[in-house]
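1. Whatever this is, show me its structure:
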Amino acid sequence: MSPVFLSNVDDYVAPSQACVNPLFADDVNKDTKTDNEGSKGLVVPKKRHAVGRKQESRNPSIATSNDNAVGTVTMADCLACSGCVTSAETNIPLKMLDDRLATSPSKVVATISPAAWADIMRHLEIPENEIYETKRCISMAMHKVCGASLVLDGKIPLQWSLLESGMEFCDAYLVRKEAISKIQSIPPPSIAISSNQSKLIGRNDVLTHVARSKSHLPLISSSCPALVCWIEKSQADLVPHLSTSKSPMAMAGTYLSSLNDDIFHFAIMPCHDKKLEASRKDFFLSKTERQEVDLVLTTQEWFELLCRGAGSVNKAEVRSYIQSLEPAPVVSSLNDAIHKQLESVSILPEFYVPTKFKQKENTKFFQDGSGGYADFIFRFAAKKLFGYSIALDQTLPWKHVGDSSEQSRRVSARVASLRKRQQLYSVSLYKLQRTDEKNINGTVTDNYSMTFEEGAQTVLKFAVVNGYQTLQRILQPPAPKSDHSHFLMYDYIEAMACPYACLNGGGQLRLVDRETPKETRQRVAETQAKFAQQYHQSVIENQDIYTKICPSGPFGIEAQCRLHTRYHVVPPLEHSTGAVAGVAINDTQW
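-> Okay, here's the model as predicted:
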């Protein structure tokens with residue numbers, strides 16, 4: 001396989017054998033004959049053609065090369081290759097930002113993730129009592145550096161995503177009353193064409209989606225694109241269990257794309273994989289032929305952008321430059337900000353209070369670090385389904401969970417230490433039937449508690465899982481004809497690929513190039529301290545997206561169509577040439 005070089009980039013790039021962006025053909029020639037009819041529906045890379053000889057594709061549903069076509073590599077193709085992580089991943093996005101700004105869009109909007117906000121505050125050593133004011137100054141810096149007229153705090157679209165996820169879970173929970181939850185049937189392999197169309201692989205069928213697909217318990221959070229990619233490619237059984245609610249970044253893209261076709265919307269996220277999420281065809285708008293999110297920058301790339309304005313890479317000088325700027329005005333409503341003729345506007349949550357309760361040591365990094373989906377939905381479902389209210393200043397009793405299936409086995413000290421540090425936490429709501437408490441009709445009153453008592457029935461059980469090793473163990477479907485699985489123990493699982501969740505995303509600013517585990521824990525703890533100074537996520541105040549594009553309200557007809565997405569089963573990649581033709585990549589040893 002030939003090497004690939006990118007101009008103006010010094011790093012060497014080698015193509016990967018397992019690209020996550022398979023090459024599907026849009027049109028299938030029904031008359032094409034193949035020598036292996038049984039291979040339909042399999043995903044294989046493009047064939048390489050010998051000079052002067054034309055070959056037929058062994059699979060009509062896979063893209064084949066055109067001898068006269070000019071080869072191109074898109075941003076999505078580059079980021080979809082798992083063969084390297086080089087400076088190209090920084091140089092290309094920043095150049096794309098410059099090129100797009102040169103077209104003079106009507107408005108430039110930046111959505112900044114809460115984890116990215118917290119990490120930049122940690123890196124610039126901003127005191128906790130100056131975080132709010134510094135956000136406004138950074139908004140002005142974004143205007144001067146890249147012309148951003150609106151800077152949207154990611155906490156606002158996070159509210160929409162949390163609310164839709166909570167409604168989706170309650171709907172799935174009520175449906176489950178009719179039947180015991182099992183692993184659902186695997187949907188047929190498909191590929192997205194646009195935000196409302198998908199195509200079945202190996203067939204000409206194009207499906208137009210007018211409503212979201214049904215959710216099944218246990219429900220798995222889907223805001224982590226690395227997790228979604230892993231499930232789509234490796235765990236097809238779990239695809240029906242992914243939450244269809246869009247991530248906060250996608251929510252912001254949906255809202256902003258409905259306002260003006262010429263808005264340039266870029267997002268600043270803690271993770272490189274968010275670039276892959278933004279490039280999914282599920283978020284492609286056929287009307288404007290654009291993605292809902294035009295570009296994604298990581299926190300590292302964001303800092304480089306700020307360094308441009310400061311004219312220095314020294315963080316002390318960058319901090320001085322930011323603090324020298326006049327703070328941007330603040331509004332709490334997107335609708336108001338769009339119509340204000342101001343050079344720069346910060347769109348921040350309506351209230352801002354420091355955390356007033358202490359968290360236990362083992363709950364520092366996960367409760368809010370990835371958006372707080374499990375924490376919010378547990379409180380939301382307890383109130384909506386069982387009438388059990390949990391005070392906003394009351395911390396949920398999350399408990400660290402060991403690997404119970406392995407506790408009886410004798411293991412090495414190293415393995416025991418790893419299990420002790422595995423990031424798996426759970427919380428439950430129990431139904432207590434106390435015969436001594438009766439209502440006016442003389443029937444026994446149902447009482448609920450988060451503390452277990454003898455004879456109590458578990459009505460809700462949530463989990464937070466961070467890190468691939470723990471994910472692979474917990475999200476393992478049960479064996480055939482068996483219901484035993486960690487997966488089926490829970491009603492909702494908030495799963496993130498990175499240890500310590502989004503606060504430790506791959507795009508965050510590191511202390512050094514290669515951190516030790518101790519340095520990583522120290523950095524994440526400092527970032528968490530900045531993150532915790534934002535408002536509690538359990539209060540949903542901003543309803544802009546519903547008043548503008550979803551008038552029927554949360555989880556209404558419009559919301560289920562526009563604020564939810566779909567996921568696809570991706571067949572295993574195969575070799576297409578040589579002695580290993582037809583052999584799956586995962587089954588090949590080099």
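2. Now for the nearest residue to residue 280 once chain neighbours are set aside: which residues touch it?
-> Counting by Cβ to Cβ, 6 or more residues apart in numbering, residue 280 lies nearest to residue 192, which is 6.4 Å off, once chain neighbours are set aside. In short, each C-beta sits where N, CA and C put it, glycine included. Contacts here follow Cβ atoms under 8 Å, 6 or more residues apart in numbering; on that basis residue 192 touches 198, 280-282, 284, 566, 568.
3. Assumed residue 192 was part of a strand.
-> Yes: using DSSP: H, G, I helix; E, B strand; the rest coil, the assignment for residue 192 is a strand.
4. which residues does it bridge with?
-> residue 198 (DSSP bridges).
5. what separates it from residue 565, distance-wise?
-> 9 Å (Cβ to Cβ, to the nearest Å).
6. Which neighbours do those two have in common?
-> residue 282.
7. Once you drop chain neighbours, what's closest to residue 399?
-> residue 426 (6.0 Å).
8. ditto for residue 218
-> Nearest residue to residue 218, sequence neighbours excluded (Cβ to Cβ, 6+ apart): residue 490, at 4.9 Å.
9. Number of residues surrounding that neighbour?
-> 22 (other Cβ atoms under 10 Å).
10. tell me the contacts of it?
-> For residue 490, the contact set (Cβ under 8 Å, 6+ apart) comprises 218, 426, 461-463.
11. will you turn those residues into TSV that also has secondary structure?
-> Converted to TSV, these look like this (three-state DSSP):
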residue	secondary structure
218	coil
426	strand
461	strand
462	strand
463	strand
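12. ok, back up a step: and of the contacts of residue 192, the nearest to residue 100?
-> Relative to residue 100, the closest of the contacts of residue 192 is residue 284; by Cβ to Cβ it sits at 16.8 Å.
13. looking at it, residue 232 is touching residue 568, isn't it?
-> Yes: Residue 232 lies in contact with residue 568 (Cβ atoms under 8 Å); the separation is 5.8 Å.
14. Report whether the expected contact of residue 388 with residue 432 is present.
-> No: using Cβ under 8 Å, residue 388 is not in contact with residue 432; the gap is 10.9 Å.
15. Common neighbours of the two, please.
-> Overlap of the contact sets of residue 388 and residue 432 (by Cβ under 8 Å, 6+ apart) consists of residue 448.
16. the helices in the stretch 251-400 of the chain, which residues?
-> Listed in chain order, the helices of the stretch 251-400 of the chain (DSSP state H, counting those that start in this stretch) span 273-278, 299-310, 315-323, 334-339, 373-386.
17. Out of those, which is the most enclosed?
-> Of those, the one with the most neighbours on average (mean count of other Cβ atoms under 10 Å) is helix 273-278, at a mean of 25.
18. For that one, the averaged confidence score.
-> What helix 273-278 shows for mean pLDDT is 90.
19. what angle do the helix ranked longest in the chain and helix 373-386 make?
-> Taking DSSP state H as the criterion, the chain has its longest helix at helix 155-176. Orientation check (axes from the mean of the first three to the mean of the last three Cα atoms, to 10 degrees): helix 155-176 against helix 373-386 gives 50 degrees.
20. Could you tell me the end-to-end distance of stretch 122-137?
-> 16 Å (Cα to Cα, to the nearest Å).
21. who's in contact with that stretch?
-> Contacts of stretch 122-137 (Cβ under 8 Å, 6+ apart): 117, 121, 153, 303, 315, 318-319, 322-323, 325-330, 346, 348, 352, 354, 509, 523, 526-527, 529-530, 533.
22. Derive a PyMOL selection command for the buried subset of these.
-> The PyMOL selection below is limited to those of the contacts of stretch 122-137 classed as buried (16 or more other Cβ atoms under 10 Å):
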select buried, resi 117+121+153+303+315+318+319+322+323+325+327+328+330+346+348+509+523+526+527+530+533
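23. Quick check: strands, which of the contacts of stretch 122-137 are part of them?
-> 153, 330, 346 (DSSP state E).
24. Bridge partners for the last one, pull those for me.
-> When you say that, I think you mean residue 346. Applying DSSP bridges, one finds that residue 346 bridges with residue 151, residue 330.
25. Is it in contact with residue 334, as I believe?
-> No: with contacts counted by Cβ under 8 Å, residue 346 stays clear of residue 334, the gap being 11.7 Å.
26. related to what we said a few turns ago, give me the common contacts of residue 232 and residue 568.
-> Shared contacts of residue 232 and residue 568 (Cβ under 8 Å, 6+ apart): residue 239.
27. neighbour count winner among those two?
-> Shown here are residue 232 and residue 568; by other Cβ under 10 Å, residue 568 has more neighbours (23 against 18).
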